[in-house]
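Colleague: sequence and predicted structure below; questions after.
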2 protein chains.
Amino acid sequence: MKIGVIGGGQLGRMLALAGTPLGQQFAFLDPAPDACAQALGEHIRADYSDRDHLRQLADEADVVTFEFESVPAETVAFLSQFVPVFPNAESLRIARDRWFEKSMFQDLGIPTPEFADIQSQDNLDAAVKRIGLPAVMKTRTLGYDGKGQKVLRHAEDVQGAFAELGNVPCILEGFVPFTGEVSLIAVRGRDGETAFYPLVHNTHEQGILRLSIASTDHSLQGLAEDYASRVLKQLDYVGVLAFEFFEIDGGLKANEIAPRVHNSGHWTIEGAECSQFENHLRAIAGLPLGSTAKLGESAMLNFIGEVPAVDKVTAISDCHLHHYGKAFKSGRKVGHATLRCADAATLKARISDVQRLIQP
Amino acid sequence: MKIGVIGGGQLGRMLALAGTPLGQQFAFLDPAPDACAQALGEHIRADYSDRDHLRQLADEADVVTFEFESVPAETVAFLSQFVPVFPNAESLRIARDRWFEKSMFQDLGIPTPEFADIQSQDNLDAAVKRIGLPAVMKTRTLGYDGKGQKVLRHAEDVQGAFAELGNVPCILEGFVPFTGEVSLIAVRGRDGETAFYPLVHNTHEQGILRLSIASTDHSLQGLAEDYASRVLKQLDYVGVLAFEFFEIDGGLKANEIAPRVHNSGHWTIEGAECSQFENHLRAIAGLPLGSTAKLGESAMLNFIGEVPAVDKVTAISDCHLHHYGKAFKSGRKVGHATLRCADAATLKARISDVQRLIQP
């Protein structure tokens, strides 16, 4: 079976590493000459709206998926005429737009921060009056890793903020005094079978994920699974979906979903019986889902900007290096390390070992 | 770092799957147009004695290794002028010739079955007189998976046996009434650091490995490590070495070594903290070795001739499919399954589950 992937970055690369042992082949459509997934499959170097090359991908592939949610809607619509595309176009349409996303949460009875649609500075001023400060203003689409957003703390932050974010549709979200950020990696098969990994505690810095720690018997696991199940069913979703929540007052408020394998699920490569990457491929290929059970205690640390010396990373016990083969560049995710340990105390010590290698 | 590999079969493929996350790139020199490792690296399609392409491989690679031991000695000698080759030429010279191999065991005080060098039918007749029947006659070089050998049970089997095996140098080995076959996967780094995986119980049929089960606290582990250490040191070995033994009377008799990653070590991909493939690459790249500790109870079953339906294999709990992407052909190793279970009873049940999928 040949899997077509829109995008050829590290997520595509890790999909191929997981799918090759299943006998799958891969083709990546990506305009970047140095797309790092090309080491593991065919690289169709073309723009995401290049219909000739999209048609080539559709002809070659048995099923198509994508590794980022800002794929143009027309791309998915075009591909869907010729080949099954998972997750489906509706899932992408919702997940790529913060307004649609939050409105869906509300419709499904899933708590979220207060939010408002912002189409103008006037809209913003009115929304700030209703929701109050501090608040976070985000572009409805195309934001990631803290890009395309602004925290509004004081009245002067609000002035001109709509222009500052580019005069594009935005959303204003009420500030949530959260005690933690958690994510749930969920997967749903073509036949509707679902599975969930243990909740992950995430730590961000400057809007970029730094550290994910898989939880054990988290008290909110059942609640998170309930919320995710509503979304999966609503969207008739197929594949891996990541659901990010704020933890607050012993409950959860939905932050956002990502219709794809997710950075906070990278620990599953070594830390779970079957990884998020293999489970995404199993789901879209119509295979039975694999076990989401955790092996030992596990965490993931991102390497941002550069990967520390390979001999130093590999010298750490219980540590598994994932080098993406990308050029090093400030702020860019270029690798990660998974830790899988016998117990939580060891895990804590190993996290410190890896953190010592990461330049501050 | 770029790794050059002589041979582009499933061992090369699994090396690349292990090395890509370390940031390594791969080039495979293999004359076969459909060499299955090419999905994961550059394919230099050329004969193993083609000096122009060997030179190309040497120029591109930072270090060269191989996935089979019958590489011509001249190939290794030629490459070694331009690039480090691990394991070294002497290790290959010994391991590819059963006479040199068994003589080395004898020199190092490692028990082996009785053996004799056979250069003619007269040699054979004399050796049979000394060693007795039953005995096994094997070509000194190029045998694998039960090929190039003949069991001699009666006097009439001996007549003309030298011609039958092609009038090539052979070895006669006394029959060993073994109670089991075990193998030790060992690894030695460039700096002399060594590590050993738990002994593996192997079951062969028609000369081909079918089932490997990783042992727990095997009483002969220490003895096997002692024997392997002697060989590693003698050869100044770098990389993974597989050492096959007959288990007999509570002791071990050396059968053979393979100077490479080995089929009986495939379970380590999921069953050990760091796989034999990653450890081979760590060793030849001069990186610290990874932990050889076992995770749970683990076994490996080969798929010979064909891989069962993927949806059936993936439906088995604790089961990890490794499809080599090779054309199906009777007697050919085309995939394997690794099982990793919480306890031995579960492992036993899962082995039966997989065996039910394998056509008899």
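Modeller: Looks like it came in fine. No experiment lies behind these values; they were computed from the predicted model shown. Numbers count the residues shown, from 1 in each chain, chains lettered A, B, ... in the order given.
Colleague: which residues does the residue lying closest to A:H43 once chain neighbours are set aside bridge with?
Modeller: Leaving aside its sequence neighbours, A:H43 sits nearest to A:F28 (C-beta to C-beta, 6 or more residues apart in numbering or on different chains; 5.6 Å). (C-beta placed from N, C-alpha, C; glycine too.) A:F28 has the following beta-bridge partners by DSSP bridges: A:V5, A:H43.
Colleague: what's around the residue of the stretch 201-350 of chain A found nearest chain B, how many residues?
Modeller: Going by C-beta to the nearest C-beta, chain B is nearest to A:H323 of the stretch 201-350 of chain A, at 3.2 Å. Applying other C-beta atoms under 10 Å in any protein chain shown, we find 21 residues neighbouring A:H323.
Colleague: hmm, back to that, hmm, A:E42 and the residue nearest to A:H43 touching each other?
Modeller: Yes - counting by C-beta atoms under 8 Å, A:F28 touches A:E42, with 7.0 Å between them.
Colleague: what about these two, which has more around it?
Modeller: Per other C-beta under 10 Å, whichever of A:F28 and A:E42 has more neighbours is A:F28, with 28 against 19.
Colleague: what ranges does chain A have for its helices?
Modeller: Using DSSP state H, the helices found in chain A span residues A:10-19, A:51-60, A:73-80, A:89-95, A:98-107, A:121-131, A:155-158, A:161-164, A:221-234, A:268-271, A:276-284, A:310-314, A:344-357.
Colleague: got the ones you listed as TSV, with mean neighbour count, mean pLDDT and distance to B:S219 columns?
Modeller: Shown next, in TSV, are the helices of chain A (neighbours: other C-beta atoms under 10 Å in any protein chain shown; pLDDT from 0 to 100; distance: least, C-beta to C-beta, whole Å):
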stretch	mean neighbour count	mean pLDDT	distance to B:S219
helix A:10-19	27	98	38
helix A:51-60	16	97	54
helix A:73-80	17	91	59
helix A:89-95	21	93	56
helix A:98-107	19	97	60
helix A:121-131	16	95	70
helix A:155-158	14	94	72
helix A:161-164	15	93	72
helix A:221-234	18	98	43
helix A:268-271	26	98	31
helix A:276-284	28	98	37
helix A:310-314	19	98	32
helix A:344-357	16	98	29
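Colleague: JSON lines for the ones you listed, including distance to chain B?
Modeller: Below are the helices of chain A laid out as JSON lines (distance: least, C-beta to the nearest C-beta, whole Å):
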{"stretch": "helix A:10-19", "distance to chain B": "6"}
{"stretch": "helix A:51-60", "distance to chain B": "14"}
{"stretch": "helix A:73-80", "distance to chain B": "23"}
{"stretch": "helix A:89-95", "distance to chain B": "24"}
{"stretch": "helix A:98-107", "distance to chain B": "32"}
{"stretch": "helix A:121-131", "distance to chain B": "44"}
{"stretch": "helix A:155-158", "distance to chain B": "42"}
{"stretch": "helix A:161-164", "distance to chain B": "39"}
{"stretch": "helix A:221-234", "distance to chain B": "20"}
{"stretch": "helix A:268-271", "distance to chain B": "8"}
{"stretch": "helix A:276-284", "distance to chain B": "6"}
{"stretch": "helix A:310-314", "distance to chain B": "5"}
{"stretch": "helix A:344-357", "distance to chain B": "12"}
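Colleague: measure the closest residue in space to the residue of the stretch 201-350 of chain A closest to chain B that isn't next to it in sequence to A:V187 for me?
Modeller: Spatial nearest neighbour of A:H323, excluding adjacent residues (C-beta to C-beta, 6+ apart): B:G23 at 3.2 Å. Using C-beta to C-beta, to the nearest Å, B:G23 is found at 28 Å from A:V187.
Colleague: so which of these two has more stuff around it?
Modeller: It is A:V187, of B:G23 and A:V187, that has more neighbours when counted by other C-beta under 10 Å, with 29 against 18.
Colleague: partners of that one in the sheet?
Modeller: Residues in beta-bridge contact with A:V187 (DSSP bridges): A:A195, A:V240.
Colleague: pretty sure it contacts A:Q276?
Modeller: Yes - between A:V187 and A:Q276 there is a contact under C-beta under 8 Å: 7.2 Å.
Colleague: which neighbours do these two share?
Modeller: Overlap between the contact sets of A:V187 and A:Q276, as judged by C-beta atoms under 8 Å, 6 or more residues apart in numbering or on different chains, is given by A:V240.
Colleague: I'd say A:T346 and A:A299 touch.
Modeller: No - in this structure A:T346 lies outside contact range of A:A299 using C-beta under 8 Å: 10.8 Å.
Colleague: measure the residue nearest to A:H43 to chain B for me?
Modeller: A:F28 sits 13 Å away from chain B, going by C-beta to the nearest C-beta, to the nearest Å.
Colleague: what's A:E101 in contact with, if anything?
Modeller: Contact analysis of A:E101 by C-beta under 8 Å, 6+ apart lists A:I94, A:A95, A:E256, A:I257.
Colleague: show me the contacts for the closest residue to the second one other than its chain neighbours.
Modeller: What that stands for is A:A95. Setting aside the residues directly before and after it, A:A95 is nearest to A:P259 in space (C-beta to C-beta, 6+ apart), at 4.2 Å. Listed by C-beta under 8 Å, 6+ apart, the contact set of A:P259 reads A:E69, A:P87, A:S91, A:L92, A:A95, A:Y237, A:G239, A:L241.
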